[in-house]
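Colleague: Got a predicted model here, sequence first, then my questions.
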Amino acid sequence: MKSWRNRVEISYGALGHNVRAVQAAVTPRRLFAVVKADAYGLGVERCARIYIEAGAAGVAVATVGEAQRVAAAVPGARIMLLGSPLPDEREAVVAGGFEVWVSSREEILDFAHLGHPQRPARLHLAIDTGMGRSGCGPDEAVALGRLIRSQAGSELVGIATHYPEALDPIGSLAQEAIFEAILEGLQPIDQEVLIHRANSEGSILRPPGPCNAVRVGLLLTGVESAEVAGVRLRPAIRWVSAISLVKKLPAGHSVSYNRTYRLTRDSVVALVPVGYADGYPFQCSNRGAQVLVGGRRCNILGRVTMDYVIIDVTDLPRSPVAGDPVVLLGDQGADAITVTELADWAGSIPYDILCGFRGRCEILGVA
């Protein structure tokens, strides 16, 4: 039997609650749950199934492989591919019945050639209103939308754009104006065509305008604050390990590689068998990062190593022993380490932390 030194616990109940809470907040818009990057490290099959069962209209992925995994796990699910697949992947997109963003005349014509009237390629016209990534230029959007409609082998099922920073009111307002002008140029638009521009933050904090769908990913994991604009979310992720060794070290002793940290007092330290090989960020070295032991915060000392972190347990009211639980993310007692907090220590973002879980982490579903 495989032995796990640390595990990521995923609350299926919290994921389902968060879908229902966000869907209630954005109704009548339809919610598409973003499960790219293996559902941000949580498992694309299990998360897609939970989200669809909780009421999501469909899911959005980044790769053809992810789309195929979802299709196998949740037959009949509506699956949207964000961005541009490689040319040799396009046939699999059409064969799988997946919806896909297109940004160019070349893509549209190739997909239309691969489709046919009985099973057309299902295309979302992607418009670059400020992200500088996927999407056609605003000046060509209306012509490309009409091109999709004119092809027997393609169907316009969506019109999309993306906020680079939804919390920037001036930039977002300018993007919305560009997008809405293009929509006017494409009228009449069938009411079944998805019109969508909002990600997690935008879905809650930006006005819906003419949109009838949203794309929500990180928000569903509950890693943000417990309440976002009145939407009450539940944290769905805990990352836990355990103490493997407790020892005493004298004042002045160095801790971890390169002697970047020296103790200023006689100390009790503990080894926790998690390191950057498990996804705990090396960038947290000497950055004030903390873990929870017995519901109390303990500092990580010195550098994060490949297999271990060393923590200061001197001030705990009870001397810990090997086997005592350690929480890297999530709650223990009355306190909690949030993903945003860990990302700040690492100088990164929550997405990067969640996508960093490695093969030595057990991913475990809990109620």
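Modeller: Sure, I can see it.

Colleague: Any regions of the stretch 101-250 of the chain where pLDDT drops low?
Modeller: For the stretch 101-250 of the chain, residues meeting the criterion pLDDT under 70 lie at 224-229.

Colleague: which residues in it form strands?
Modeller: Secondary structure of the stretch 101-250 of the chain by DSSP state E, counting those that start in this stretch: the strands cover 121-126, 154-160, 194-196, 213-216, 227-228, 231-232, 237-242, 245-249.

Colleague: Let me see the domain layout of this structure.
Modeller: Domains of the chain are assigned by automatic domain parsing as 12-225, 237-366.

Colleague: before we move on, back to that, would you reformat the strands of the stretch 101-250 of the chain as a markdown table and include mean neighbour count and distance to residue 56?
Modeller: To be clear about C-beta, it is placed using only N, CA and C from the backbone, and glycine gets the same treatment. As requested, the strands of the stretch 101-250 of the chain are arranged in a markdown table below (neighbours: other C-beta atoms under 10 Å; distance: least, C-beta to C-beta, whole Å):
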| stretch | mean neighbour count | distance to residue 56 |
| --- | --- | --- |
| strand 121-126 | 26 | 17 |
| strand 154-160 | 23 | 16 |
| strand 194-196 | 23 | 13 |
| strand 213-216 | 25 | 8 |
| strand 227-228 | 14 | 18 |
| strand 231-232 | 14 | 15 |
| strand 237-242 | 21 | 19 |
| strand 245-249 | 13 | 45 |
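
Colleague: how about those, which one is nearest residue 330?
Modeller: The closest approach between residue 330 and any of the strands of the stretch 101-250 of the chain, judged by C-beta to C-beta, belongs to strand 237-242 at 3.1 Å.

Colleague: Show me what stretch 109-118 is in contact with.
Modeller: 87, 90-91, 93-94, 100, 102, 120-121, 123, 147-148, 151-155 (C-beta atoms under 8 Å, 6 or more residues apart in numbering).

Colleague: rerun at 6 Å
Modeller: Contact with stretch 109-118 is made by 90, 91, 94, 121, 151, 152, 153, 154, as judged by C-beta atoms under 6 Å, 6 or more residues apart in numbering.

Colleague: Over to stretch 277-284?
Modeller: 6, 274, 276, 304, 306, 345-347, 356-358, 360-361.

Colleague: No further questions, thank you.
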